[in-house]
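**Student:** Based on what follows, work out the 3D shape:
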Amino acid sequence: MNATSSFDGDPTATGPVGNPSATATGPFGDATASGPVGDPSASGPVGDPSASGPVGDPSATATGPFGDATATGPTGDATAADPGRIVLLTTSHRVAPGLLSWPAWQALRTADQVVCADGMHPQLPYLREAGIVVDEASPTAQELVDACAGGRTLVVVATGEGEPRLTDGLAQLAGSGRIQMPDLELLPASYDLPGARLLDLVQVMDRIRTECPWSSQQTHEGLAKYGIEEAYELVEAIEEGDRDELREELGDVLLQVVFHARIAEEGRPEDGSAPFSIDDVAGGIVTKLIHRHPHVFGDETATTPEEVKEHWLRTKAEEKQRTSVTEGIPLGQPGLALAAKLASRVRTAGLEVPLPAGKGVGYELLATAARAEAEGVDPEAALRAAGRAYRDAIRAAEGVETGEE
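**Tutor:** From the prediction side, this is the model:
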C-alpha cells in the first residue's frame with residue numbers, strides 16, 4: 001500500500017505516483033480544475049487550467065488525479081497514460097469472514113488503495129488484522145476512474161448488496177467513449193458451495209420462528225397436516241410433469257423439514273425428549289446413507305440395482321433389528337399404499353401369506369393392490385392417473401376444456 005490519500009478529500013494528501021510535495025484538494029484531484037470531460041473550452045478533467053481540449057495538448061502539462069504537476073496528458077508519458085485497474089472484490093456471507101482465495105489476498109496486498117462503502121462489512125476486521133488498509137468510502141464511478149490514472153490499482157470490497165450504483169456508473173462511462181477506461185476485473189474472493197442457500201433457509205426460519213406471531217406458536221402436531229398436504233402437492237407436480245411446480249413444491253416440503261427441526265431445537269417439555277437441530281437431522285441421514293451404501297463408501301461391490309437393493313435391505317435389517325416385517329409400516333397412510341407396502345414386505349421376505357378371505361370392496365381393493373405390487377405397479381399412482389382421466393371426462397361433459405381453472 002503506497003497510497004496515503006483516500007476518498008476523504010484531505011487537501012494535504014500526496015499522490016501515489018506524483019511529487020510528494022504537491023497538494024491536491026477534493027476527493028480525487030485539483031480543486032482548480034474546471035469543466036467536464038470533453039469541453040473544448042475547459043481544462044482537462046484533472047489537468048492544468050491552461051491545458052485545452054478534452055484530454056489536453058500532448059505537449060502540455062497536466063496534473064494527475066492526485067496532484068502530480070509533472071505528469072503529461074494521455075498521449076504523452078506512457079506511465080501517466082496508463083488508465084490503471086479497478087478490482088471489484090465480492091465475498092459470500094455464507095463463508096466465514098477472512099477465508100478468502102489466494103488471488104484475492106494478492107490483489108488486496110498489491111493494491112494502491114482498498115475501499116469499502118460498508119463500515120460494518122464482516123471482512124473488514126480480518127483485512128485490517130492482516131495489515132490491509134481499507135478506506136471507508138463510497139466513491140462514484142468517475143472518482144474511481146480518476147483515482148486509477150497513472151497505472152494505479154484500486155480494489156473495491158463489495159457490500160452485501162453488491163455495487164449496482166458503481167457498476168452501472170462504470171458501464172455508462174465505458175459506453176460514452178469519451179474517456180479511456182481502466183481495466184475492470186470482477187474477483188470472487190469467496191463463493192458458495194452447492195447447498196449454501198440451505199444456510200439462508202435455516203437463518204430465515206430461525207427469525208420467523210422468533211418474530212412471527214403465527215409461526216412462533218406452531219407445534220409438531222399442528223403442522224402435521226401441512227406435511228401431508230405438501231407431500232401430495234409434490235406428487236401431483238411430479239405426475240403432471242410441471243418442472244416449475246416441482247421446484248416450488250420441493251421447497252415447500254423442505255420448509256416442513258426445517259420448520260419441524262427448528263421447533264425440536266427448543267426442547268419443549270411436552271415433546272418428552274431431548275432437543276435436536278437441523279444439523280442433527282442432516283447428520284442422521286448422512287450416516288444412514290453412508291452405512292446403506294457400502295458399495296459406494298465401503299469395500300463391497302454392487303453392479304446392478306438388484307444388488308444395491310439387497311445391500312440396502314440387509315443393512316436396514318441390521319439397523320432396525322425388527323421382529324416382524326410389518327414393523328415400521330405407517331398404518332395411517334392411504335389404504336392402497338398400505339396394502340401395497342404390506343404385500344411388498346411379504347414378497348421381499350419370501351413369506352407365503354395368503355390374502356385374508358372376506359367380502360366387500362375393502363378385500364377387493366386389497367387383492368387389487370397386492371396384484372399391482374407384484375406386477376411392479378404403484379396402485380396409488382395408477383388410481384390417481386385413472387382419477388385424472390375421469391376428471392377430464394367430467395370437464396368435457398361440462399364443456400370445460402382441460403387445463404382451465
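**Student:** quick one: contacts for the residue nearest to Tyr226 when sequence neighbours are not counted?
**Tutor:** Residue nearest to Tyr226 in three dimensions, not counting chain neighbours: Gln256, with 6.3 Å by Cβ to Cβ, 6 or more residues apart in numbering. Any C-beta I mention is one placed from the backbone N, CA and C, and that applies to glycine too. For Gln256, the residues meeting the contact criterion (Cβ atoms under 8 Å, 6 or more residues apart in numbering) are Leu223, Tyr226, Gly227, Glu230.
**Student:** Buried ones from those residues, can you make that a PyMOL selection?
**Tutor:** In PyMOL, this line selects whichever of these come out buried by 16 or more other Cβ atoms under 10 Å:
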select buried, resi 227+230
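**Student:** will you turn the contacts of Gln256 into CSV that also has secondary structure and distance to Glu364?
**Tutor:** Shown next, in CSV, are the contacts of Gln256 (DSSP: H, G, I helix; E, B strand; the rest coil; distance: Cβ to Cβ, whole Å):
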residue, secondary structure, distance to Glu364
Leu223, helix, 36
Tyr226, helix, 33
Gly227, helix, 31
Glu230, helix, 31
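**Student:** Tell me which two of the contacts of Gln256 sit farthest apart.
**Tutor:** Leu223 and Glu230 (10.0 Å; Cβ to Cβ).
**Student:** related to what we said a few turns ago, with pLDDT and distance to Gly376 as added columns, please give the contacts of Gln256 in JSON lines.
**Tutor:** Formatted as JSON lines, the contacts of Gln256 follow (pLDDT from 0 to 100; distance: Cβ to Cβ, whole Å):
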{"residue": "Leu223", "pLDDT": "94", "distance to Gly376": "34"}
{"residue": "Tyr226", "pLDDT": "94", "distance to Gly376": "32"}
{"residue": "Gly227", "pLDDT": "93", "distance to Gly376": "28"}
{"residue": "Glu230", "pLDDT": "95", "distance to Gly376": "27"}
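**Student:** Can you lay out the contacts of Gln256 as a markdown table showing distance to Pro356?
**Tutor:** Formatted as a markdown table, the contacts of Gln256 follow (distance: Cβ to Cβ, whole Å):
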| residue | distance to Pro356 |
| --- | --- |
| Leu223 | 36 |
| Tyr226 | 35 |
| Gly227 | 31 |
| Glu230 | 34 |
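**Student:** Which member of the contacts of Gln256 is positioned nearest Leu170?
**Tutor:** Among the contacts of Gln256, Glu230 lies closest to Leu170 (Cβ to Cβ), at 44.9 Å.
**Student:** Provide a list of residues in contact with that closest one.
**Tutor:** Each residue near Glu230 by Cβ under 8 Å, 6+ apart is listed here: Glu249, Asp252, Val253, Leu255, Gln256.
**Student:** can you check Val253 too?
**Tutor:** Val253 sits next to Gly227, Glu230, Ala231, Leu234 when contact means Cβ under 8 Å, 6+ apart.
**Student:** that older thread, out of the contacts of Gln256, which is nearest to Ala389?
**Tutor:** Among these, Glu230 lies closest to Ala389 (Cβ to Cβ), at 25.0 Å.
**Student:** how far away is the nearest residue to Arg197 once chain neighbours are set aside from Ser277?
**Tutor:** Nearest residue to Arg197 in three dimensions, chain neighbours excluded: Arg94, at 8.0 Å (Cβ to Cβ, 6+ apart). The gap separating Arg94 from Ser277 is 18 Å, by Cβ to Cβ, to the nearest Å.
**Student:** who has more neighbours, the two?
**Tutor:** Per other Cβ atoms under 10 Å, whichever of Arg94 and Ser277 has more neighbours is Arg94, with 16 against 13.
**Student:** Tell me which helix or strand Leu173 sits in.
**Tutor:** Using DSSP states H and E, Leu173 sits in helix 164-176.
**Student:** ugh, wrong one, Lys309
**Tutor:** If you go by DSSP H and E, Lys309 is part of helix 305-320.
**Student:** how distant is that helix from the center of its chain?
**Tutor:** Chain-centre distance of helix 305-320: 35 Å, with Cα atoms, centre = their mean, to the nearest Å.
**Student:** same for it, what does it pack against?
**Tutor:** Helix 305-320 is packed against helix 278-291, helix 294-297, with contacts defined by 3 or more Cβ pairs under 8 Å, 6 or more residues apart in numbering; DSSP states H and E.
**Student:** which residues are contacting the last one?
**Tutor:** By that I understand helix 294-297. Helix 294-297 is touched from outside by Ile290, Glu300, Thr301, Ala302, Glu307, Val308, His311, Thr315, with contacts defined as Cβ under 8 Å, 6+ apart.
**Student:** Output the helices and strands packed on helix 305-320 in TSV, with distance to Asp118 and mean pLDDT appended to each entry.
**Tutor:** As requested, the helices and strands packed on helix 305-320 are exported to TSV (distance: least, Cβ to Cβ, whole Å; pLDDT from 0 to 100):
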stretch	distance to Asp118	mean pLDDT
helix 278-291	29	94
helix 294-297	43	91
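**Student:** Mean neighbour count and distance to Glu266 for the ones you listed - can I get that in a markdown table?
**Tutor:** Formatted as a markdown table, these follow (neighbours: other Cβ atoms under 10 Å; distance: least, Cβ to Cβ, whole Å):
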| stretch | mean neighbour count | distance to Glu266 |
| --- | --- | --- |
| helix 278-291 | 12 | 13 |
| helix 294-297 | 14 | 34 |
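**Student:** Same list (the ones you listed) but as JSON lines, adding distance to Leu184.
**Tutor:** JSON lines is the format used below for the helices and strands packed on helix 305-320 (distance: least, Cβ to Cβ, whole Å):
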{"stretch": "helix 278-291", "distance to Leu184": "40"}
{"stretch": "helix 294-297", "distance to Leu184": "45"}
